[in-house]
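Novice: here's my sequence, what's the structure:
(4 chains, ligands or ions: 2)
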Amino acid sequence: MPFIPHTDREVAAMLATIGAGSLDELFDEIPPALRNAPLTGVPAGLNEAGVARIMQARAARNVPATCFLGAGAYDHHIPAVVWELATRGEFYSAYTPYQAEASQGTLQLIYEYQSMMAGLTGLDVSNASLYDGATAFAEACLMAVRASRRPGARRILVPRYLSPAYRRVARALLKGQGLELTDLPVRDGRTDTAALESVATDGVAAVVVMQPNFLGSLEPADALTDWAQARGALVIGACNPTALALLKPPGQWGTRGADIACGEGQPLGIPLASGGPYFGFLACRSALVRQMPGRIVGGTVDGEGRPGFTLTLQAREQHIRRTKATSNICTNQGLMVTAATIYLSLLGPVGLRRVAEACHANTRELAATLSRCPGVTVPFRPFFHEAVVQLPVPVAPVLARLAAGGILGGYDLSADFPELGHALLVCATEQRTPEEIAAYGTALAAALDAPAMAAAG
Amino acid sequence: MPFIPHTDREVAAMLATIGAGSLDELFDEIPPALRNAPLTGVPAGLNEAGVARIMQARAARNVPATCFLGAGAYDHHIPAVVWELATRGEFYSAYTPYQAEASQGTLQLIYEYQSMMAGLTGLDVSNASLYDGATAFAEACLMAVRASRRPGARRILVPRYLSPAYRRVARALLKGQGLELTDLPVRDGRTDTAALESVATDGVAAVVVMQPNFLGSLEPADALTDWAQARGALVIGACNPTALALLKPPGQWGTRGADIACGEGQPLGIPLASGGPYFGFLACRSALVRQMPGRIVGGTVDGEGRPGFTLTLQAREQHIRRTKATSNICTNQGLMVTAATIYLSLLGPVGLRRVAEACHANTRELAATLSRCPGVTVPFRPFFHEAVVQLPVPVAPVLARLAAGGILGGYDLSADFPELGHALLVCATEQRTPEEIAAYGTALAAALDAPAMAAAG
Amino acid sequence: MREPLIFEQSRAGRGALLQAPTPVPPSPDLPASLLRSDVPPLPEVSELQVVRHFTRLSQQNFSIDTHFYPLGSCTMKYNPRACNRLAMLPGFLARHPLEPEAHAQGVLECLFELQEWLKAVTGMAGVSLTPMAGAQGEFAGVAMIDAYHRARGDHARRQIIVPDAAHGTNPATATMCGLDVVEIPTNAEGDVDLDALRAAVGPATAGIMLTNPSTLGVFERRITEIAAIVHEAGGLLYYDGANMNAILGQVLPGAMGFDVVHINLHKTFSTPHGGGGPGAGIVAVNQRLEPFLPVPMVGQRDGRYAWLTERERPQSIGRLSAFMGNTGILLRAWVYMRLLGAEGMRRVSAYAVLNANYLLARLRDAGFTVAYPGRRASHEFIISLKDVARDTGVTAMDFAKALLDRGVHAPTTYFPLLVPECLLIEPTETEAQDDLDRFVEALVEIRALARRDAAEVKRAPRTTPVGRLDDVRAAKQLDVTWQSRRAPAA
Amino acid sequence: MREPLIFEQSRAGRGALLQAPTPVPPSPDLPASLLRSDVPPLPEVSELQVVRHFTRLSQQNFSIDTHFYPLGSCTMKYNPRACNRLAMLPGFLARHPLEPEAHAQGVLECLFELQEWLKAVTGMAGVSLTPMAGAQGEFAGVAMIDAYHRARGDHARRQIIVPDAAHGTNPATATMCGLDVVEIPTNAEGDVDLDALRAAVGPATAGIMLTNPSTLGVFERRITEIAAIVHEAGGLLYYDGANMNAILGQVLPGAMGFDVVHINLHKTFSTPHGGGGPGAGIVAVNQRLEPFLPVPMVGQRDGRYAWLTERERPQSIGRLSAFMGNTGILLRAWVYMRLLGAEGMRRVSAYAVLNANYLLARLRDAGFTVAYPGRRASHEFIISLKDVARDTGVTAMDFAKALLDRGVHAPTTYFPLLVPECLLIEPTETEAQDDLDRFVEALVEIRALARRDAAEVKRAPRTTPVGRLDDVRAAKQLDVTWQSRRAPAA
Ligand SMILES: Cc1ncc(COP(=O)(O)O)c(C=O)c1O
Ligand SMILES: Cc1ncc(COP(=O)(O)O)c(C=O)c1O
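Specialist: Ligands and ions are numbered 1, 2, ... in the order given. From the prediction side, this is the model:
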């Protein structure tokens, strides 16, 4: 039987040991009236060859197009080593490392991951991952509220150009605990420091700085951090991890550095894969570690003084603290962390910085190319690896034309940020070639030349 | 530097230890006049992302078509487990298991492989693989000549419908040692037992029985074996390993069984992959083991009596016996054997037999379908999973039309076996669906309807 | 041999630079004030060092692929490699989550079918695939219950009832949703104390969180009565489907009276646990809660598969992930379900329950104390080592460590909290009788050793890369990064 | 823990039948006399058992991915995973070898380019990729030499000269080609004895087989003179390129005067060794031998890549494999060469030679006896432990086994045969200085232990899954199948 090793003979022997007459009898404590599960609509079993055939066809349906789409998920090169190692059975099929002595591989790896993420963010400690960037952001807000020295403070000030996905997820996750997000003033695609004076900061637990922000623009992180901390608020940095190799990390913002950093780990070796699994990272100063949600691995020694690793500070977690836990999270995104740790080990500080620089250079090139199309402008600078492009016409039909030609042209900003007009968010990672960027320019010009296109057929 | 871990500092320290001033100086024993290797035409290095882009494009160039082509390489389902395990670094990146204690994984696996192949062929011993089916066939002939009790016997009788690839490779490999292949008489797509009387058997070291033969036809293996052995010749069975789950194995042919079995291991979990790497298998009765080429693993014990495995009978091999070795083979096809052993473990006797039966049934269905096309006949039966189809017109243009429509229609027999007329060798493994088989029928009918096609466009 | 930290293998100037793009000149666009001035403390190692390091680390793990792993409540069963292989086809991996629907039909078709199959498996009316693990499924479930009451204007229902045996995520989830937890006791037979339940329900009751079979490894026999009590009080029933492996294809949570269910696909549907995740905690609901399901969901529109978002589902509790949860894990579950089919799913629970009851019988016959002796095991069961502990001082934890030396991963220890010195044992259906027998022998052997030489048992484990680790020190002398070792934080 | 044989885990009626097609009714076409009546003795195990068994077995191997592996003459360096990943793209794996050329352009392009690059790397005029390992490359080389003489009507040339230090495949190959071997000695400095060579050549000389640097780890300095002697006598020079890692991009075999070269792609070009193979032993030749190259080769025709077969190349020595040799290994080499480029290839040899000379210097400084002390090491070198063996009884083999306990694979022992108690050590360029230093420490430590307690060294290895195995018993009491254990053959 598929995946079940029992022979008829063994089943008979086992039932005899149990003293039961049949497999069915083993369910005799279930009220008979309930024992009926027709599973209507579930197809019959199919062998692996048959299932493979279906999946191969579905994977191939609509070949993926050249990707200038970012908006929270980025098309980076993933070294072959990453997944050849991460899918080794000993990583892939292990549980959460509760039995430390039988899980030193996973535990040491997480310790290394924590070290890398703490280093990248410039903070002291990192947890072992959260579900994704959006939930990490929400957990960071909750954490800030718990850690805030202002009793009852439940307000979080956020940039207007916070990722819409982060905003939506935070709304769903924070509502129950009565947290509220308030937008900061903007100007030129980023938070307007000049207008901060007028912002009310009563009841504010934390101020969020997103660097780069959702539009790809670089925020005045130093000024914002100092401003927020001067007003007794904690600072949460929401960051792109690739950018952290190039840009000043949260731990170094302003005079004292941000208190918490969070973000989406996908750029670190995780495939786009239609949106997941990715992972969220979360780091903080050591003073806040007891408010941190999620697992943390610590170093220790065994009876003979040999160094080893174990889950630590479990008293924060749901299986110990129950209603008072720092979060309900249990299963996290361990395998993704495995991949990211391998990715970061391969890239190293020099490699990761080169990735960041190449993304930035390519996006500059893209912005320059696209702005050569008539009526197209790139309003906001400096940016990291995404930029807003304003079109002379509505975005959606242009994107549809580009997609038909095999180009994912970017993210239509008009629903989330109508104030930006016909605005499109484009991204060119290190993966985009000069030819692909040029081809996008040509395709955009053609797509904008709608009457000509219509005439052509 | 790619794959080289040395830092500048380390290089300097190492050179100092050596007492050399530069890397260049390390080559100072090479006559200066020779030190010039321009490597013209070798491109500059490219990072992994760039190379991946090229390879992905090349892999995708011309999507593989539906495969009705066999002729020595077969499109079978390969369970996902096979290569997920075979490419584990500890298998993939190990050397030949010369240091037994550090190679028990590979050694035990080969021992299990030998057991499986001996079991499948019905013989006593198997080696640890040869390069491919064709070289295994050539080595089997050489082995038979060495083992023959007839001094100076250098002739091998082979079926007319021996695989042309086996024949060509044997010619290249056996010429040096003066071996000669002579064809046996045929009738109805197989060896003609009635005509054997007239065959001269002087100087014959061995008779080859290919089961199924290259045309897919089943040979009278029992009669041929008895006939050959009665005349003092050894019998070499050349077999398809999938068929061995269904058909009588060489070790059971005739009264005493064949002496040697060989064949192509590709059907056992090895991807088609444009022709390789595959592996050749070779098995024999225990009396002949000292004439066997290639590595053999044996069980033994360590100092504490614990069972373990090691390479054995190395005195047959080139590194010990040098000019008198049973073969010059050293590196074999270890990783393919790893895959095949996993494949056979997953399939088991029942699974492998089902594969064989499904192939046979599909090919019967295919033969029936194709023979419904006007002018098409299937002359020879019984067959295993390949069959000859005779067309009313030359084969090549028909195959070209089928290929243009995404069907690999089979192997054109007319060059190798002109006596068969417009003959095509077709194969439908267990992978072919009823729809695909029907579609081939339709496509063949259309391709044969050439004038209509020409008229249509 | 200890595997050094990757940082210890690092040397400045070493690297695997084939993995990086060619360097570009510094950008004039980026002001220095925004740039990083220090070098982030990532390791500089060669590709071979990376491969060797992580290969060696992996070998230090116990895992399904190497060991029997009867970790109760975790359903550590075989993760078919086909699931991994097929979910990781290049054509799936290269897809951006925001690609146009027209491009994503292959993926959407899988997700749509998965929704349908999960409806059948739960007996529910609607499914959302987005929760990324069990705990997030719980969150979605409780949030929907809350939304339901609020939508009816019933703002007083701020209490969630939870049995004392419940998994920690249950009470923690209630808190995250802003609700209060009311704990009710379990009776001696392992069932919910119905009187306590009756006393607990009322106009403040938002709902109850239950798992059935419970974490005690027994089926809650009076589930229909419980449902009636809660429903009559105006509350809803939430089903923690982490234990679905016990009842798959035998009984539907919908039929038991539950209003909302989550299922851990990473348990019952055999997607891997990856050393801590990722998982997927899909939710299924009946008609009542259907409007509140989290988005995105997958529907059909104009003969094509389409995303359903806040626009089509205005009452949704919203989004729980940036895109569509752990899509890759959902594809793995799709493959698993398609391989098994309806019959295969029924076999899962039948043989999981067979293995558990067999192990229970053998351990009982060997003289171990079964926590609920009068009861059938579900897919898991509990033994208590309190007698052995009392007689020899050898605890459940000592047994756990001694099992590691015998090549078996330890069962869950000290959970559920109400059974002293307990081992929660879940063999799963994919283990063979031989392995179960070896496990019994190992426990018997450890018990014998405990009686003979308790200290020896307490020295376990000895065959693992490290011996028993000092947890207290780990929490007191916090060492959570390599940097902290080199320059301890102030 | 011993891993039982897969057969020991088998139970009749168990299986992983998801991997098999649905059963079909028996065929009326197949007469019973042709059918198998017994069940072949394959194991019947579950998929999990397969995964666990082979995962555990794999963990019992030393490998590049887990250990330093300085096995001389074998070039055990890092096998980039990109090579594996890209050669195994589904689009490559699914191609039938006999698909029409028009379908195979992507593969053919890689092979064509590889031919061109290998010409550049060898300094030769023509390349054939088909030989499936070094030994088959040797066969092709010698067969071409033979064919060349025969084509000129020179049938007397039946002798191949081989130095005594040569790898065993060299003499074995000559025999396979039907030629006789004439062995010539090596002088005290490790070079070929030129007087002996002069005495050996003559009208019966077909050619000479050499590797340079030789298997003694030194560069044959008078190679130009050797070439002249052999060529003047009417013979040709064959280059065994197994040691190409020492000279890649530094000196061309063609420039040294060789007429034909084989290269082990599975050594220098880093395709994996897979526990014994597969490899690829491509051959390259100068103009003289070009017509005789084995087929198929890849050419260009009408702007497309095309197979060149016997038809286009009538003087070819023919085919050495059923299709095109080990294509997948060729693709791996393509990836490796493309990643490195010309500069990267030069670095390979430079750093391989640096590592070898560094290790040599350190071991010499530590008091070990170097076989050719006056010489530079090439990419490998030899130390002789005959002093230690004489003083303590601890042999090279004992050192080899003791190294295993220190986490290092043993160097090649007792080859080449002319140096007593030798270790042939090849670190390769992909190992870091730290690992080389640890290796030196390990050898020093073992030597110290040998002097202190020789018996203890002889008890090694102790940390491997089994201790030192009884080779003699293995050969005497032949146990080569599981069946033979159960029912010993008559
Ligand atoms: C009974 C029970 N409920 C809930 C959960 C939480 O699931 P997850 O870890 O996926 O968040 C678990 C998993 O450990 C569980 O066993
Ligand atoms: C010097 C030398 N020549 C030839 C060979 C034979 O190569 P292969 O094992 O690929 O047949 C080897 C490999 O061991 C070798 O080291």
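Novice: so residue C:237 sits in a helix?
Specialist: No. Judged by DSSP: H, G, I helix; E, B strand; the rest coil, residue C:237 forms no part of a helix; its state is strand.
Novice: now do the strands in the stretch 51-200 of chain A.
Specialist: For the stretch 51-200 of chain A, the strands defined by DSSP state E, counting those that start in this stretch occupy A:66-67, A:125-126, A:155-158, A:180-183, A:186-187, A:190-191.
Novice: now swap in the stretch 51-200 of chain C and tell me
Specialist: C:126-128, C:159-163, C:180-184.
Novice: check which helix or strand covers residue C:208.
Specialist: Secondary structure assignment for residue C:208, by DSSP states H and E: strand C:205-210.
Novice: list the buried residues in stretch A:361-381.
Specialist: A:361-367, A:369-371, A:373, A:376, A:378-381 (16 or more other C-beta atoms under 10 Å in any protein chain shown). Glycine gets a C-beta too; all of them are placed from N, C-alpha and C.
Novice: shaky segments in chain C?
Specialist: Scanning chain C for pLDDT under 70 picks out C:487-490.
Novice: circling back to that earlier point, how about the strands of the stretch 51-200 of chain C in JSON lines, adding mean neighbour count?
Specialist: Converted to JSON lines, those look like this (neighbours: other C-beta atoms under 10 Å in any protein chain shown):
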{"stretch": "strand C:126-128", "mean neighbour count": "25"}
{"stretch": "strand C:159-163", "mean neighbour count": "25"}
{"stretch": "strand C:180-184", "mean neighbour count": "18"}
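Novice: so for residue D:5, which of those strands sits nearest?
Specialist: Closest to residue D:5 of the strands of the stretch 51-200 of chain C, according to C-beta to C-beta: strand C:126-128, at 45.5 Å.
Novice: show me where the stretch 1-150 of chain A has its helices.
Specialist: For the stretch 1-150 of chain A, the helices defined by DSSP state H, counting those that start in this stretch occupy A:8-18, A:48-60, A:80-86, A:89-92, A:104-121, A:133-147.
Novice: now these as a markdown table including mean pLDDT?
Specialist: Rendered in a markdown table, the data for the helices of the stretch 1-150 of chain A read as follows (pLDDT from 0 to 100):
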| stretch | mean pLDDT |
| --- | --- |
| helix A:8-18 | 98 |
| helix A:48-60 | 96 |
| helix A:80-86 | 98 |
| helix A:89-92 | 98 |
| helix A:104-121 | 98 |
| helix A:133-147 | 97 |
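Novice: so which of the strands of the stretch 51-200 of chain A is nearest ligand 2?
Specialist: Closest to ligand 2 of the strands of the stretch 51-200 of chain A is strand A:66-67 (C-beta to the nearest ligand atom; 42.2 Å).
Novice: which residues sit against that closest one?
Specialist: A:75, A:272, A:406, A:407, A:408, A:429, A:431, A:432, A:436, A:439, A:440, C:96 (C-beta atoms under 8 Å, 6 or more residues apart in numbering or on different chains).
Novice: so where do the helices sit in the stretch 201-350 of chain C?
Specialist: C:223-232, C:253-256, C:327-365.
Novice: now do the stretch 251-400 of chain A
Specialist: Going by DSSP H, counting those that start in this stretch, the stretch 251-400 of chain A shows helices at A:318-321, A:334-370, A:395-404.
Novice: can you list the domains in chain C?
Specialist: Using automatic domain parsing, the domain parsing of chain C gives C:6-55, C:82-339, C:348-473.
Novice: what is the burial count for the closest residue to residue C:374 other than its chain neighbours?
Specialist: Computed as C-beta to C-beta, 6 or more residues apart in numbering or on different chains, the closest residue to residue C:374 that is not its neighbour in sequence is residue C:189, at 6.6 Å. Neighbours of residue C:189 under the rule other C-beta atoms under 10 Å in any protein chain shown: 12.
Novice: many thanks, we can stop here.
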